[in-house]
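# Structure for the following, please:
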Amino acid sequence: MIALRVVLPFLAGYFLSYVYRAVNAVLAPLLVGEFGISAQQLGFLTGVYFFSFGLFQIPLGVLLDRFGPRRVNAFLLVLAAAGALAFSKSTSFEHLVLARALIGLGVSACLMATIQAFILWFPPARMSTMIALAYSMGGLGAITASAPLELALRAFSWREIFAFLAALTLLLSAVFALLVPEHAADRKPGGLREQLQGLAAIARDGAFWRVAVAIGTTQCAVVSLFTLWITIWLRDVAGYDRAAAAQGLAVAAVALIAGYFFFGRLADLRARRGRSQLPLFVGGVLAALGFLALLALGVTQAAVLLWAGFVFCGTGATLGHSILTRRYPRDMAGRLNTCINTFTFFGIFAGQWITGAILNLWPATATGYDARGYAWALGTLWTVQAAGLAWLWAGRKRFATP
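Here you go, the predicted structure:
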């Protein structure tokens, strides 16, 4: 019964949020053609979702710990539905930006509310697997926003698709409001002063800063590329058409799901044996850096497999949530995870915008962007990701216990 009334609605929320997150990877050529936007504008438009998402994370953590994941999700999803409807009716680039920012704000609780609900309803020994399950639903959303979306665009306009997403989002909000049960702990919030003291404790934790920065710099590369630039790279560098690029994104999305479960299960196994999960985090990000280096050098042979390997290994960074959650009491789960997420989403926003800005330094080609720009853009993201990992590893003695 918990699966039906708790797990499935929260997973559905994160699924929808990831559809919104990744949809521009396929819609980009249509939006560029209709609104005449540049690569930098495209990066900003796609990234503004992550900016508004990240901007709200710290106040969101206070709201989650004070009012519980069910009520917060129910309210915010109404805003997401309004944003999706506004996006479907946009007539200018500025309208698109404002609508996508509202969508980002509206779905900003979907992942963190899911993680907090799982922390409340399930034992700590299952947490890495449950978090992996949540992230995997995001991967399913990414699959939906790839080849299936490309097929849907043959029958419906992008505006009709967004109107449909708005209706689904509003329906899910009603499910949270009317059907999802409260957990007893949701009704025992601490005072505002106590919650702010908890935020101050997180800010003083050196281990938090090292993990959060490493997650942010990794997602600056992995998610920013996955949710926008992979399909465009496949078109401009590897010569794929829109349908083939969408299929390539679907393969990468399957790798995303597999990576979440792979690292989640291994992390739970190590935790049960009293061993640190940090080596899994570091090993996954190191392997992702290897794949990204090949892509930055312009290797196009087996390009989809290289991108899939990059995404698969990059999911190891999500273990940061599990690593840090074990350092704090359950009643701080909302604040802790939203603080981590602030770094994640500002990193993704920066990665998407910077990539577009670098591509803009070269004149556009007849079909897209100059292939030379991608080497510099991917190289920049590689450097950022490597720097974050190096700083985490330099402070590894802070993680002597799991």
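# Enumerate every residue touching T300.
With contacts taken as CB atoms under 8 Å, 6 or more residues apart in numbering, T300 has the following neighbours: V237, A238, G239. The C-beta positions use only the backbone N, C-alpha and C, and glycine is treated the same way.
# For it, grab phi and psi.
Dihedral angles phi and psi of T300 (degrees, to the nearest 10) take the values phi -110, psi -10.
# same check, this time on G239
Backbone geometry at G239, expressed as degrees, to the nearest 10, gives phi 80, psi 20.
# Spatially, what comes nearest to it if we skip its sequence neighbours?
T300 (7.9 Å; CB to CB, 6 or more residues apart in numbering).
# what separates that neighbour from A371, distance-wise?
The gap separating T300 from A371 is 10 Å, by CB to CB, to the nearest Å.
# Find the residues that touch each one of the two.
Residues touching both T300 and A371 (CB under 8 Å, 6+ apart): V237.
# So in the protein, which helix runs the longest?
Of all the elements of type helix in the chain, the one with the most residues (DSSP state H) is helix 242-272.
# other SSEs contacting that helix?
The criterion is 3 or more CB pairs under 8 Å, 6 or more residues apart in numbering; DSSP states H and E, and the helices and strands that helix 242-272 contacts are helix 24-35, helix 127-144, helix 147-152, helix 230-236, helix 278-296, helix 303-314, helix 319-325.
# of those helices, which approaches A243 most closely?
Ranking the helices and strands packed on helix 242-272 by proximity to A243 (CB to CB) places helix 147-152 first, at 5.8 Å.
# Flag the shaky bits of the stretch 51-200 of the chain, pLDDT-wise.
Using pLDDT under 70 as the threshold, the predicted model of the stretch 51-200 of the chain has low-confidence ranges 125, 184-190.
# mind listing the helices for it?
In the stretch 51-200 of the chain, the segments counted as helices under DSSP state H, counting those that start in this stretch are 57-67, 69-88, 93-106, 110-121, 127-144, 147-152, 158-178, 192-203.
# Point out the most buried one among those.
For the helices of the stretch 51-200 of the chain, ranked by mean neighbour count under the definition mean count of other CB atoms under 10 Å, the leader is helix 110-121 at a mean of 26.
# who are the neighbours of that helix, in terms of helices and strands?
Contacts of helix 110-121 with other secondary structure elements, assessed using 3+ CB pairs under 8 Å, 6+ apart, are made with helix 8-22, helix 57-67, helix 69-88, helix 127-144, helix 333-359.
# nearest to A245, of the ones you listed?
Shortest separation from A245 across these is recorded for helix 8-22, at 12.9 Å, computed as CB to CB.
# So which bits of that closest one are buried?
With burial defined by 16 or more other CB atoms under 10 Å, the residues of helix 8-22 counted as buried are 9-22.
# tell me the angle of it relative to helix 110-121?
Compare the direction of helix 8-22 with that of helix 110-121 by axes from the mean of the first three to the mean of the last three CA atoms, to 10 degrees and you get 160 degrees.
# Take the helices and strands packed on helix 110-121 and lay them out in CSV including distance to R327.
As requested, the helices and strands packed on helix 110-121 are arranged in CSV below (distance: least, CB to CB, whole Å):
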stretch, distance to R327
helix 8-22, 24
helix 57-67, 15
helix 69-88, 21
helix 127-144, 13
helix 333-359, 8
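# Enumerate every residue touching the residue nearest the centre of the chain.
Centre of the chain computed as the mean C-alpha position; nearest residue by CA atoms, centre = their mean is V223, 6.1 Å away. Neighbour list for V223: G314, T344, I348, G351 [criterion: CB under 8 Å, 6+ apart].
# what pLDDT does it get?
Taken from the predicted model, the pLDDT recorded for V223 is 93.
# Look up how far A375 lies from it.
Distance from V223 to A375, counting by CB to CB: 20 Å.
# Now distance to L269 too, for the helices of the stretch 51-200 of the chain, in a markdown table please.
Conversion of the helices of the stretch 51-200 of the chain to a markdown table gives the following (distance: least, CB to CB, whole Å):
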| stretch | distance to L269 |
| --- | --- |
| helix 57-67 | 29 |
| helix 69-88 | 27 |
| helix 93-106 | 35 |
| helix 110-121 | 18 |
| helix 127-144 | 9 |
| helix 147-152 | 33 |
| helix 158-178 | 33 |
| helix 192-203 | 28 |
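# element containing the residue nearest to the centre of the chain, please.
Take DSSP states H and E as the rule and V223 turns out to sit in helix 206-224.
# Centre of the chain to that helix, how far?
Relative to its chain's centre, helix 206-224 lies at 12 Å (CA atoms, centre = their mean, to the nearest Å).
# Next, the buried residues of that helix.
The neighbour-count check on helix 206-224 (16+ other CB under 10 Å) flags 207-224 as buried.
# Now do the end-to-end distance for stretch 298-306.
11 Å (CA to CA, to the nearest Å).
# now do stretch 51-63
According to CA to CA, stretch 51-63 extends 19 Å from its N-terminal end residue to its C-terminal end residue.
# neighbouring contacts of it?
For stretch 51-63, contacts defined as CB under 8 Å, 6+ apart pick out 72, 101-102, 104-105, 107-109, 112, 192, 195-196, 199, 334-339, 341-346, 348-349.
# For burial, what's the neighbour tally of S92?
9 (other CB atoms under 10 Å).
# So it is in contact with F35, correct?
Yes - counting by CB atoms under 8 Å, S92 does reach F35; the two are 7.1 Å apart.
# Not counting residues beside it along the chain, what's closest to A214?
In space, not counting the residues next to it along the chain, A214 is nearest to L392; the distance is 3.9 Å by CB to CB, 6+ apart.
# so the one you found is in which element?
Secondary structure assigned from DSSP H and E places L392 in helix 371-394.
# Now do that helix, average pLDDT.
Here the average pLDDT along helix 371-394 is 96.
# Mind listing what's buried along it?
Applying a neighbour-count criterion of 16+ other CB under 10 Å, the buried positions in helix 371-394 are 371, 373-374, 377-382, 384-386, 388-389, 392.
# remind me which residues of the stretch 301-402 of the chain are low pLDDT?
Residues of the stretch 301-402 of the chain meeting the criterion pLDDT under 70: 400-402.
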